[in-house]
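>>> 3D model of this:
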Amino acid sequence: MLTPFDYEHADPWGSHFLDLETLNAHVNGRIAELLLDVRGAAERSEREALRTSALLVLGPAGTGKTHLFSRLRRELGPRAAFVHIRPDIGVVTTPRHVLAHVIDALTRETARQPARQLEVVLGCLISAARGGQGARPLLHLDDHRRAPDAERAETVEGIVDRVEGFCFDLSIDYLELLLTLPVLSRIDQRAALAWLSGREPSEAQLARLGRRAGLGDTEVIPALRTLAAVAAFGAPLVLVFDQLENLVDPNGETDRIIAYGTLISELRDNARGLTLVQMALDTEWMHGIRSVLGSSQRTRVEGEIVQVSMPTREEREKLVKLWVAALPDEQRSAPFPAPFTGDQVKRWCDAADMTPRALMIACRQALAGALERARKHPEVTRERQPPSEPPPRENDSDALSLRLEALWEEYLAAARNELKRESEEGRSVSGERLAGALVAAAGLLDDTRALARMQGTAVAVMLERAQSRIAVIIAQQLHPRSLAVSLRRAAERAATEPVLVVRDQALPFKPSWGGCEEQRRQLLKSRFGSWLELARHELVRLLATHDFLAAARSQDLAGPDGHAIDVSLVRKWLADKNEITQSGVLPLALAMLTGTRPSERPPSAPPLRTSTAPLPQPEPLTRAGAVAILRELRIASIERLVREVRARHRHASRAAIEAELRSAGGRIRWFGSSIVCLEERDS
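The predicted model follows:
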């Protein structure tokens, strides 16, 4: 069972939250003041007074910078809408990247109401258009949904006129589609959100919207400007850029830092009503980022600097009391400081370098020791126990390995959940996200350099070793037209240099995508071209590797002693696991660098699926495959279950899945013909 001491890594969107409000309250207070200024200027329609502010939050590792995001959501939501953005390793952060994060965050629930942030934003806007002050936004939104079409159209027209008069350089097309969201069906909402996020919509989604293409490059900044103006009327946007130390490139490249400075400058100069909160380790910012920024960029990025403080002795003691109070009754049968000793708490609180994270880990280890002693010696009462001594130290390397293994499992679970969310939205991870993961994984290899660059709507990761290079083209597009263009360019390039095109296995070509299939055939006929479909387990490992290394570089991975694990030790541990470097896309790409043709690849590398060879026979499901997956989901539609099964069993057919469900007899309960539920029986 988890205790309060098991949440050492703050989850920006997590439901578990314990907070000592006085700790670094000055940061939240300043952000609240900036938001009041935004709302006031919007209510008074004072365009010149509506500004975008930049706040730079600096502090040492483990002091709770990410925790501040969770506190902001709970203290200021739904009076503000929050977006959390972390830079990808090796990939430039662009306005389109920010726009996708904004829309994704707006579809998340607020901290205090069972409603999405987007619903609050639109409800406040409708309230303001009707002369209100943004109060009860969900009631106004519900009234808007139920209003007759003519009345609703009149409201939308009035909103457009008001916002355009207040912020004349916005995108009317973007605003009008945004305002239609409340009355769209769920499937139409998904299509609209794909377009509004700046991602590439699928053919079906574009058809539903009556559009020919996604959001153009020149339309992204106007889209962000529109969102900022719309939200300013009641729930201003707060963009929190976290772990900025990951902008620093170990190879000395500075393009990502400069691109970030350009991005913040664009947002400050071209959008009104945003609050930009930037979080970084103080030493890395001063020595690795600040000196790279130009003077004009520095002025905009460092609009205002606030420092996160270490907790005082009194605050450390209050934190321990707060956590202990949340323990189950059986673990705190005596008054505080139980289940700890007074000497333990005093030692922790007196340590000047004890960050909140280190304090939490010390409490967790002491609690584990106390529970173990109570299990072994239940007859010894607390009054008769000798003063607690530190547990015998394990071998340092063994303890560190166990700690890293436990942390790695957490990141694997997070990556699986991310892929699950993407699958539920009918898409996979973006090309940029996957490119960052490949760059991070390539950094584990000796004498290997990786650079990510956009190539149209695809992303290319250039792997270089011993003056040779290969282009790994990540083709995650959902529209056949842009995918076919990327494949054609890859095939042309493969005539003279090694090219490996990779795509998520869960994004198969549709039967109507003849052009894509033809370009794939041309790629495989070329002299240096290859194709690889990434299986779900490999995607999970790649994403987890990226986030694990990013956390290590941000000093967010704490060892058994509560102090940050050196990033070099994390890199060595990951490289020794061989999960990424010995199988999958990286070894295949490096084998191609040495001139090894796909047919000559080592047996450990996954076989290529080509269009000219016969397709493999359908892979049979493992025993109780669909039933086992349904056990995880509990209840699901047949469509959802088919997607989940195919993510693990590539060629499973719908007929085979339904046959397995029906063969399970009474264990499967059917709701009509489209919903199924697994009924567990007592053993």
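>>> using CSV, list the CA coordinates for stretch 92-103.
Output in CSV follows, covering the C-alpha atoms of stretch 92-103 (Å, rounded to 0.1, in the frame of the first residue of the first chain):
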residue,chain,number,x,y,z
VAL,A,92,13.6,22.0,-30.9
THR,A,93,10.5,23.4,-29.0
THR,A,94,8.4,25.2,-31.6
PRO,A,95,5.1,27.2,-31.5
ARG,A,96,3.3,24.2,-33.0
HIS,A,97,4.7,22.0,-30.2
VAL,A,98,3.4,24.5,-27.6
LEU,A,99,0.0,24.7,-29.3
ALA,A,100,-0.5,20.9,-29.1
HIS,A,101,0.4,21.0,-25.4
VAL,A,102,-2.1,23.8,-24.8
ILE,A,103,-5.0,22.0,-26.4
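>>> looking at it now, give me its mean pLDDT.
Across stretch 92-103, pLDDT averages out at 96.
>>> stretch 442-457 now?
Mean pLDDT, computed over stretch 442-457, is 89.
>>> tell me the buried residues in it?
Using 16 or more other CB atoms under 10 Å as the test for burial, stretch 442-457 gives Ala442, Gly443, Leu444, Leu445, Thr448, Ala450, Leu451, Ala452, Gln455, Thr457. (Each C-beta comes from the backbone N, C-alpha and C, glycine too.)
>>> pretty sure the fifth one contacts Glu464?
Yes: between Thr448 and Glu464 there is a contact under CB atoms under 8 Å: 7.2 Å.
>>> tell me which element Phe17 falls in.
If you go by DSSP states H and E, Phe17 is not part of any helix or strand.
>>> what about it, distance to Arg71?
When distance is defined by CB to CB, to the nearest Å, Phe17 is 8 Å away from Arg71.
>>> what about these two, which has more around it?
When Phe17 and Arg71 are compared for neighbours, Arg71 comes out ahead with 22 against 14, by other CB atoms under 10 Å.
>>> not counting sequence-adjacent ones, nearest residue to the more buried one?
Nearest residue to Arg71 in three dimensions, chain neighbours excluded: Asp19, at 5.5 Å (CB to CB, 6 or more residues apart in numbering).
>>> do the same with Val642
Spatially, and ignoring its direct neighbours in sequence, Val642 is nearest to Arg654 (5.3 Å; CB to CB, 6+ apart).
>>> what about the one you found, how many neighbours?
Neighbour number of Arg654 under other CB under 10 Å is 13.
>>> my guess is it contacts Ile638. True?
Yes: the pair Arg654 / Ile638 is scored as a contact, 7.4 Å apart, by CB under 8 Å.
>>> okay, and Val642 sits in which element?
helix 638-648.
>>> any chance you could list what contacts that helix?
Residues outside helix 638-648 that contact it (CB atoms under 8 Å, 6 or more residues apart in numbering): 419, 423-424, 505-506, 536, 621, 625-626, 629-630, 633, 636, 652, 654, 657-658, 673-676.
>>> stretch 343-356 now?
With contact meaning CB under 8 Å, 6+ apart, stretch 343-356 is reached by 23, 60-64, 67, 310-311, 313, 316-317, 319-320, 337, 359, 362-363, 366, 387-388, 562.
>>> list of residues touching the one helix or strand His140 maps to?
Using DSSP H and E, His140 sits within helix 137-146. Surrounding helix 137-146, the residues in contact under the criterion CB under 8 Å, 6+ apart are 78, 113, 115, 119-124, 126-127, 130, 132, 152, 155, 182-183, 234-235.
>>> so which bits of it are buried?
For helix 137-146, burial by neighbour count (16+ other CB under 10 Å) applies to Pro137, Leu138, His140, Leu141, Asp143, His144.
>>> just the CA coordinates of the helix or strand just after it, formatted as CSV?
Per DSSP H and E, the first helix or strand lying C-terminal to helix 137-146 is helix 149-166. Extracted in CSV, the C-alpha atoms of helix 149-166 (Å, rounded to 0.1, in the frame of the first residue of the first chain):
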residue,chain,number,x,y,z
ASP,A,149,-29.7,27.3,-33.2
ALA,A,150,-30.5,30.9,-34.0
GLU,A,151,-29.8,32.1,-30.5
ARG,A,152,-26.6,30.2,-30.3
ALA,A,153,-25.4,31.6,-33.7
GLU,A,154,-26.2,35.1,-32.4
THR,A,155,-24.1,34.4,-29.3
VAL,A,156,-21.2,33.2,-31.3
GLU,A,157,-21.4,36.2,-33.6
GLY,A,158,-21.4,38.5,-30.6
ILE,A,159,-18.4,36.8,-29.1
VAL,A,160,-16.4,37.0,-32.3
ASP,A,161,-17.2,40.7,-32.6
ARG,A,162,-16.3,41.4,-29.0
VAL,A,163,-13.0,39.5,-29.1
GLU,A,164,-12.0,40.8,-32.5
GLY,A,165,-12.6,44.4,-31.4
PHE,A,166,-10.5,43.8,-28.3
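>>> one step back: just how off-centre is the helix holding Val642 within its chain?
Distance, stretch centre to chain centre, for helix 638-648: 23 Å (CA atoms, centre = their mean, to the nearest Å).
>>> and stretch 13-32, by the same measure?
Relative to its chain's centre, stretch 13-32 lies at 21 Å (CA atoms, centre = their mean).
>>> same check, this time on stretch 58-74
Relative to its chain's centre, stretch 58-74 lies at 17 Å (CA atoms, centre = their mean).
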